[in-house]
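Novice: sequence unknown, structure follows:
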Ligand code: TMP
């Protein structure tokens, strides 16, 4: 495909939103044709699925239901938005993608990792990720920075042990796929994080 696909991953409160804001400004200033999107969500149908997944009132949601909902949202988002944008030659920057499923539903919830991988590969519709930025910061430091968990968000309310397993998952993924994933020390300043991500994108020919 003509475009490039970049995903941003990491635990809660690691600075994904700040990084994305910085990238938006940089791309606007350099005239880079880009689409910024997020998971779960990104399209009308997938945003409805997001609301269903994250609603703290939905206490009955089972882990497998949750996994299938993330996969459903991803399939819709990928076909409706990501693939057309890549075909149009754009840089697509996605706030979370398949690695979050493996880290949260696989490592943290304890569902079968091979089931997570299978569902990810169905939902990805054959799309290839050109770069994954793993914002590396422990959940302890992340929540401290965020000022605590958002109690209206079902996933953020999970206990610290859950988020430690998520972190372990991301660290394992980064170690096992050093070609695709670059770990960036998220305790650095926002300017340093942005610079290192922009340099990595340049090094890989994602941006000029
Ligand atoms: P956000 O807070 O970064 O917008 O992400 C929403 C929540 O969904 C966050 O707690 C991580 C979680 N999540 C999963 O558990 N599995 C997934 O596949 C994705 C994309 C997100």
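Specialist: Structure received. Quantities reported herein were computed from a predicted structural model and do not represent experimental measurements. Residues are numbered from 1 along each chain as shown.
Novice: Tell me the helices and strands packed up against the worst-scoring helix or strand of the chain on mean pLDDT.
Specialist: Lowest on mean pLDDT, DSSP states H and E among the helices and strands of the chain sits helix 139-146, with a mean of 86. Counting contacts by 3 or more C-beta pairs under 8 Å, 6 or more residues apart in numbering; DSSP states H and E, helix 139-146 is packed against helix 160-176. For every residue, glycine as well, the C-beta is placed using N, CA and C.
Novice: Quick check: residues of the chain near the ligand?
Specialist: Taking C-beta under 6 Å from any ligand atom as the contact definition, the chain meets the ligand at 39-40, 70, 96, 100-101, 104-105, 155-156.
Novice: For those, I'd like a selection string for ChimeraX - just the buried members, please.
Specialist: To isolate the buried members of the residues of the chain next to the ligand in ChimeraX, using 16 or more other C-beta atoms under 10 Å:
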select :39,40,70,96,100,101,104,105,155,156
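Novice: Identify those among the residues of the chain next to the ligand that sit within helices.
Specialist: Among these, the ones falling in helices (DSSP state H) are 70, 100.
Novice: Could you check how far the nearest residue to residue 63 once chain neighbours are set aside is from residue 89?
Specialist: Take residue 63 and drop its neighbours on the chain: the residue closest to it by C-beta to C-beta, 6 or more residues apart in numbering is residue 109, 4.7 Å away. Residue 109 sits 37 Å away from residue 89 when distances are taken as C-beta to C-beta, to the nearest Å.
Novice: So between those two, which is more surrounded?
Specialist: Between residue 109 and residue 89, counted using other C-beta atoms under 10 Å, residue 109 has the larger neighbour count: 19 against 11.
Novice: quick one, phi/psi of the more buried one?
Specialist: Here is the backbone geometry of residue 109 (degrees, to the nearest 10): phi -80, psi -20.
Novice: Surely it touches residue 65?
Specialist: No - contact between residue 109 and residue 65 fails when scored by C-beta atoms under 8 Å: they sit 11.3 Å apart.
Novice: mind listing the helices for this protein?
Specialist: Under DSSP H, the chain gives helices at 16-30, 44-54, 63-77, 83-87, 98-100, 113-123, 139-146, 160-176, 190-203.
Novice: now, of the ones you listed, which is deepest in the fold?
Specialist: Most buried of the helices of the chain by mean neighbour count (mean count of other C-beta atoms under 10 Å) is helix 98-100; its value is a mean of 25.
Novice: what packs against that helix?
Specialist: Using 3+ C-beta pairs under 8 Å, 6+ apart: helix 98-100 touches strand 4-10, helix 160-176.
Novice: gap between residue 10 and residue 208?
Specialist: Residue 10 is 26 Å from residue 208, by C-beta to C-beta.
Novice: And residue 129, by the same measure?
Specialist: Distance of residue 129 to residue 208, computed by C-beta to C-beta: 20 Å.
Novice: Looking at the two, which one has more neighbours?
Specialist: residue 129 (18 against 8).
Novice: my read: that one touches residue 7, true?
Specialist: Yes - counting by C-beta under 8 Å, residue 7 is a contact partner of residue 129 at 5.5 Å.
Novice: anything in contact with each of those two?
Specialist: Common contact partners of residue 129 and residue 7 (C-beta atoms under 8 Å, 6 or more residues apart in numbering): 97-98.
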